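# The following comprises the amino acid sequence and a computationally predicted model.
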Amino acid sequence: MAECIHGFEGTLCDSCFPKTVVEKPKVARAAAAPRRTAGSATRKSLNTADVRVYHVTHLSNLAAIIEAGELRADERPAIDLSSELTRELRETASVGPGEAVSSFVPFFLAPDSVVWEELRRGALEPRWSDAARAAASTDFVFLVSTIKAIGDVVIADGDAAGSYTRFATTPEHAEQMLVHLHGDELAKQAAEALARGTFDFDAVQLIGVANDRVRDSVKDLLADSGFVPKVAVYPPWFQN
């Protein structure tokens, strides 16, 4: 049976297995209905609670995450991908009064985010550590969840440590920003979703991996852990 990256079994996923569309004869209309604005149409079509979020980490960090049962903003992982400069910038950048960017767990809003593309190209930018530069794209895993699972989410419309990045810190503003980003693919690839302090591992719905070898390693780590996310091989996410 075919495997779907979005968590559906068989061919139930319209994205992975699109249905054949049968064209219907066009019918002349006497008068066109009032035209909605692009914003209102997008808002109606997007359920922001179900928007997918993606956290990328090195496979070597996964055992400690599973053991802790959560992702922690203050944790220094075994394979630290961030340079000291990046950590300093995120510690000094502020989301709001008394809240540094470094006190949040970061997620991407797209699997082809700007940050992940940098990593796949070799992590040459100053934001990356030597360990990041030495890693292959297949050494990483995607931890996939939803905006709803984050709960009290903050949305950044760019690099959260950037000087001109804007933050949506209330539910209303976060929804508005997500709707805006949904209609702008380039902006979505640069944006971040931030979880305050920690993120429970049992809210991870899917772990995306590059190949069968990594899938087997992840399943071994999950065995007897009590966590049961779907583990799926999806090479397109990891190709350079």
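Right, received. Where do you want to start? Numbers count the residues shown, from 1 in each chain.
# what's the pLDDT at the most centrally placed residue in the chain?
Using CA atoms, centre = their mean, the residue of the chain that lies closest to the mean C-alpha position is residue 54, 1.9 Å off. Per-residue pLDDT puts residue 54 at 98.
# residues contacting it?
107-111, 113, 116, 142-144 (CB atoms under 8 Å, 6 or more residues apart in numbering). Glycine gets a C-beta too; all of them are placed from N, C-alpha and C.
# Sort out which residues of the helix or strand that it is a member of are buried, please.
Element membership for residue 54 (DSSP states H and E) is strand 52-58. For strand 52-58, burial by neighbour count (16 or more other CB atoms under 10 Å) applies to 52-58.
# Residue 202 touches residue 227, doesn't it?
Yes: at 5.9 Å, residue 202 and residue 227 qualify as touching, with contact defined as CB atoms under 8 Å.
# anything in contact with each of those two?
Contacts common to residue 202 and residue 227, judged by CB under 8 Å, 6+ apart, are residue 69.
# ok now the strand holding residue 54, how far from the chain's centre?
5 Å (CA atoms, centre = their mean, to the nearest Å).
# Now the helix or strand that comes right after that strand - C-alpha only, PDB.
Per DSSP H and E, the first helix or strand lying C-terminal to strand 52-58 is helix 59-68. Taking Å, rounded to 0.1, in the frame of the first residue of the first chain, the C-alpha atoms of helix 59-68 are listed here in PDB:
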ATOM      1  CA  LEU A  59      19.500  12.500  14.000                       C
ATOM      2  CA  SER A  60      22.100  12.400  16.800                       C
ATOM      3  CA  ASN A  61      19.900  14.800  18.900                       C
ATOM      4  CA  LEU A  62      16.700  12.700  18.700                       C
ATOM      5  CA  ALA A  63      17.500  10.300  21.500                       C
ATOM      6  CA  ALA A  64      17.800  13.100  24.000                       C
ATOM      7  CA  ILE A  65      14.600  14.700  22.800                       C
ATOM      8  CA  ILE A  66      12.700  11.500  23.100                       C
ATOM      9  CA  GLU A  67      14.100  10.800  26.600                       C
ATOM     10  CA  ALA A  68      13.200  14.300  27.700                       C
END
